[in-house]
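>>> Using only what follows, build the 3D model:
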Amino acid sequence: MPKMTVLLGRKAIQVYDLDQATIRVGRDEAMDIVIDNPSVSRKHVEFRSDETGWVVEDMGSSNGTFLRGEKLETARPVEAGDEIGIGKFSIVFDKVVADAPPPSEGPKLRPTMAGVAGTTHIKPHEVKELLQDSERKRRAQIVWESGGQRGTHYLSETPAALVGTDDLCDVRVPKGPKHHVLVVNKDNTCEVRNLHAWTRMKVNGMAKSRAVLNDGDVVEIGGLKITFMADIN
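Residues are numbered from 1 along each chain as shown. So this is what the prediction gives:
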């Protein structure tokens, strides 16, 4: 039976390992996977096994169900690794993503909003934006801290990012030399290069002029701190 990983942005909230041929997801207590959030309908989406494999079908939800970014109008085949968007959440079918919690056989997931009754209706363009934002947050990114400020740059948008204080930098930071570092994310490999000859760069506390980064690696140079966050696969 397939495993279901429920995601909210980059965070894997729960993995479900349910041994049954029909799996229903929604806000109602009777669902097999309960997501207690107003962006999710009481009866939202159903996964079921037939003679050809698994299919997914929307159950008349208010905000719709999306498979690979496309809204479901009828039942559609679903394969391992497919991502299904429901409200503000995503379900990865038959795949456990990195850093996910251990599988659960229980049905309850409660990322709830107190004081909200019924389903919160999301406009079609807002649903599309939510899906795009969710996808972007799961791609490689750097989180920088400098001069008491903090920001995020998504490497899926500009794979080569120049970080510094100069106006021409892709990522402008409030403190440090004009051109701190160059971060290049290409072919599933991220590399950081020190472009400031007089300032030492450290990666995880070790002096480096350039280095390949792994998920969670920390780069420090001239009052700038960069944390690399790899793709969630």
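
>>> give me every residue that touches the residue in the chain sticking out farthest from the centre.
For the chain, the largest distance from the centre (C-alpha atoms, centre = their mean) belongs to residue 198, which lies 36.9 Å off. Residue 198 sits next to no residue when contact means C-beta atoms under 8 Å, 6 or more residues apart in numbering. To be clear about C-beta, it is placed using only N, CA and C from the backbone, and glycine gets the same treatment.

>>> buried sites along the one helix or strand residue 66 maps to?
Taking DSSP states H and E as the criterion, residue 66 maps to strand 65-67. Within strand 65-67, the residues scored as buried using 16 or more other C-beta atoms under 10 Å are 65, 66, 67.

>>> Ok, stretch 40-55 next?
Buried, per 16+ other C-beta under 10 Å, within stretch 40-55: 40, 41, 42, 43, 44, 45, 46, 47, 54.

>>> Thought residue 33 was touching residue 20, still the case?
No: counting by C-beta atoms under 8 Å, residue 20 does not reach residue 33; the two are 11.1 Å apart.

>>> more crowded one of those two?
With neighbours defined as other C-beta atoms under 10 Å, residue 20 and residue 33 compare such that residue 33 has more, 22 against 11.

>>> And residue 189, how far from residue 228?
Relative to residue 228, residue 189 is positioned 11 Å away (C-beta to C-beta, to the nearest Å).

>>> And the two? Which one has more around it.
Between residue 189 and residue 228, counting by other C-beta under 10 Å, residue 228 is the more crowded of the two (22 against 10).

>>> Model confidence at that one, what's the number?
Note on residue 228: pLDDT of 93.

>>> Leaving out chain neighbours, which residue sits closest to it?
Closest residue to residue 228 apart from its sequence neighbours, by C-beta to C-beta, 6 or more residues apart in numbering: residue 213 at 4.2 Å.

>>> quick one: residue 230 and residue 190 touch, right?
Yes: counting by C-beta under 8 Å, residue 190 is a contact partner of residue 230 at 7.1 Å.
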